[in-house]
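*Asks:* give me a 3D structure for the following:
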Amino acid sequence: MINMRRRLLTGIALGALLAAATPVGAQDVKVGILVPGSQTDKGFMQSAYGGAKKVEETYGTKGKVQVIENINYADMEQALTQLATNNKFVVAVSGASQAAMTKVSKRFPDVKFNLVGGAKITEATNMAQYDMRQAEINFVSGAVAAMSSKTGTVSFVAGLEIPGVVNASKEFEKGAKYARPDIKTIVVFTGSFDDVAKAKEATLATIAQGADVHVHVMNKGLPGIEQAAREKGTKMIGGPLPACGSDPLYIAYSRTGVGYLVDYAVKSFVEGTWKPGPASFGLKAGPEASDMVLCGTPDAAIKAKVDEIKKAIIDGKIVTLDG
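*Replies:* All right, here's what the predicted structure looks like:
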């Protein structure tokens with residue numbers, strides 16, 4: 001039996017929007033969303049749920065969106081099969097969903113699939129892949145961490161060593177060196193996005209090596225990093241949901257618009273503008289898609305450097321890895 005919680009969010013009216021879309025009755029439009037982590041992780045999964053709620057709020061009272069959340073990675077294929085059986089459009093979040101979605105999409109040629117995150121796809125007839133440019137914004141995170149460090153050492157603590165997250169770690173290091181060539185960077189993968197104890201242990205190990213600012217890619221494991229930082233008096237750069245002022249532990253937040261892209265994908269499907277294949281977002285798509293938010297009254301030099309880096313990325317003068 002799959003260990004999962006299912007939640008049905010009723011209320012997607014497609015109304016006048018459908019008039020301009022491919023002819024589909026509002027009652028016939030069914031959307032399934034897979035969010036493999038917890039909606040309370042203060043990160044990517046919570047952002048994805050925000051997107052699902054936006055879908056509900058925007059489109060009203062007809063139709064439905066079915067959400068499956070918080071499942072084991074081994075169960076993704078079965079969960080996506082269920083969503084594809086019940087719906088005409090299926091969205092999944094995280095590169096960890098990619099292998100399962102690729103396989104299931106081939107079994108359901110009449111269903112459209114949309115992955116938010118993951119590695120760039122090269123062939124697809126009924127599947128799209130949205131690159132959030134997580135690696136890109138982590139270049140900026142690395143720069144902010146380096147410029148904010150008092151010890152000259154910063155760390156990147158992440159869960160699974162999947163392509164998008166590996167690329168994010170590489171760009172974190174490049175961004176740190178770009179802003180401060182003498183900075184020392186430490187990258188650690190714990191093997192789990194959700195294991196609090198492993199996240200704390202990994203962070204404490206980086207602190208023991210001098211790290212005083214931490215960037216993360218975690219889901220439910222995030223409290224472990226926070227616990228370590230609080231105990232040792234170090235600082236963090238959070239994301240993807242900016243929350244400046246809510247916790248003095250955080251000096252900045254990188255916004256990665258997971259929820260924005262979930263909503264964007266559904267809107268494209270409803271309006272009939274959805275296309276299969278890869279699509280890239282990131283800083284060039286605007287602050288809802290990607291941004292760096294400095295908390296409090298930021299140091300003028302740091303703010304100016306961040307603005308310079310963001311412009312250079314948008315203009316193509318700084319080129320980062322995909323993912």
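*Asks:* count of neighbours near Ala124?
*Replies:* 17 (other C-beta atoms under 10 Å). Glycine gets a C-beta too; all of them are placed from N, C-alpha and C.
*Asks:* Three-state assignment for it, please.
*Replies:* For Ala124, the reduced secondary structure class is coil; criterion used: DSSP: H, G, I helix; E, B strand; the rest coil.
*Asks:* I'd say it and Trp274 touch.
*Replies:* No - contact between Ala124 and Trp274 fails when scored by C-beta atoms under 8 Å: they sit 11.9 Å apart.
*Asks:* need the residues that contact stretch 306-313.
*Replies:* Contacts of stretch 306-313 with the rest of the structure, by C-beta atoms under 8 Å, 6 or more residues apart in numbering, involve 136, 139-140, 143-144, 175, 178-179, 282-284, 292, 294, 318, 320.
*Asks:* quick one, helices of the stretch 51-200 of the chain?
*Replies:* In order along the chain, the stretch 51-200 of the chain carries the following helices (DSSP state H, counting those that start in this stretch): 76-86, 98-107, 134-148, 163-179, 196-208.
*Asks:* deepest in the core, which of those is it.
*Replies:* Stretch with highest mean neighbour count among the helices of the stretch 51-200 of the chain: helix 134-148 (a mean of 28; mean count of other C-beta atoms under 10 Å).
*Asks:* tell me what that one is packed against?
*Replies:* The elements that helix 134-148 packs onto, with contact taken as 3 or more C-beta pairs under 8 Å, 6 or more residues apart in numbering; DSSP states H and E, are strand 153-158, helix 163-179, strand 213-217, strand 235-238, strand 250-256, strand 290-294, helix 300-314.
*Asks:* okay, the helices of the stretch 51-200 of the chain in JSON lines with mean pLDDT and distance to Ala301 next?
*Replies:* Listed next are the helices of the stretch 51-200 of the chain as JSON lines, based on pLDDT from 0 to 100; distance: least, C-beta to C-beta, whole Å:
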{"stretch": "helix 76-86", "mean pLDDT": "96", "distance to Ala301": "44"}
{"stretch": "helix 98-107", "mean pLDDT": "96", "distance to Ala301": "39"}
{"stretch": "helix 134-148", "mean pLDDT": "97", "distance to Ala301": "7"}
{"stretch": "helix 163-179", "mean pLDDT": "96", "distance to Ala301": "10"}
{"stretch": "helix 196-208", "mean pLDDT": "98", "distance to Ala301": "25"}
